[in-house]
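A.B. asks: Provided below are the primary sequence and the corresponding predicted coordinates.
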Amino acid sequence: MKKLNFTLFLFTAGFYYSQTISGTVISKNENQPVSYAKIGVDKENIGVITDENGNFTIDLSKSKHVQ
């Protein structure tokens with residue numbers, strides 16, 4: 001649970017202080033990368049799909065919440 005809270009904190013901090021976020025989506029149960037997962041910002045037209053290795057980079061510069 002601590003890892004999840006720390007990850008959410010990092011994501012939140014990254015969301016407010018940067019315009020580009022990169023990462024890898026990993027399955028909790030299998031500990032393997034998740035291919036072709038959708039990553040996006042709720043209620044905005046911003047999103048990407050992970051590659052075959054679970055990697056993604058999302059540009060948040062057009063988000064209303066990033067200044």
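C.D. replies: Arrived safely.
A.B. asks: Q19 is in contact with I46, isn't it?
C.D. replies: No: if you go by CB atoms under 8 Å, Q19 and I46 don't touch, sitting 11.1 Å apart. For the C-beta atoms, the positions are set from N, CA and C on the backbone; glycine is no exception.
A.B. asks: quick one: which of the two has more around it?
C.D. replies: I46 (17 against 14; other CB atoms under 10 Å).
A.B. asks: tell me which residues of stretch 52-67 are tucked away?
C.D. replies: Buried residues in stretch 52-67, counted by 16 or more other CB atoms under 10 Å: 54, 56, 58, 60, 66.
A.B. asks: what about these, which are in strands?
C.D. replies: Filtering the buried residues of stretch 52-67 for membership in strands, criterion DSSP state E, returns 56, 58.
A.B. asks: closest to P33 among the buried residues of stretch 52-67?
C.D. replies: G54 (2.8 Å; CB to CB).
A.B. asks: would you mind measuring from N45 to S63?
C.D. replies: 10 Å (CB to CB, to the nearest Å).
A.B. asks: go on, N31?
C.D. replies: The value you get for N31 to S63, if CB to CB is used, is 30 Å.
A.B. asks: for the chain, give me the ranges with low pLDDT.
C.D. replies: For the chain, the stretches with pLDDT under 70 are 1-18, 64-67.
A.B. asks: where exactly do the helices run in it?
C.D. replies: Using DSSP state H, the helices assigned to the chain run over residues 2-17.
A.B. asks: ok so, going back, overlap of the contact sets of Q19 and I46?
C.D. replies: 59-60 (CB atoms under 8 Å, 6 or more residues apart in numbering).
A.B. asks: E44 - nearest residue in space that isn't next to it in sequence?
C.D. replies: Closest residue in space to E44, ignoring its immediate chain neighbours: S63 at 6.0 Å, by CB to CB, 6 or more residues apart in numbering.
A.B. asks: for the one you found, what are its contacts?
C.D. replies: With contact set as CB under 8 Å, 6+ apart, S63 has these partners: 41, 44, 46.
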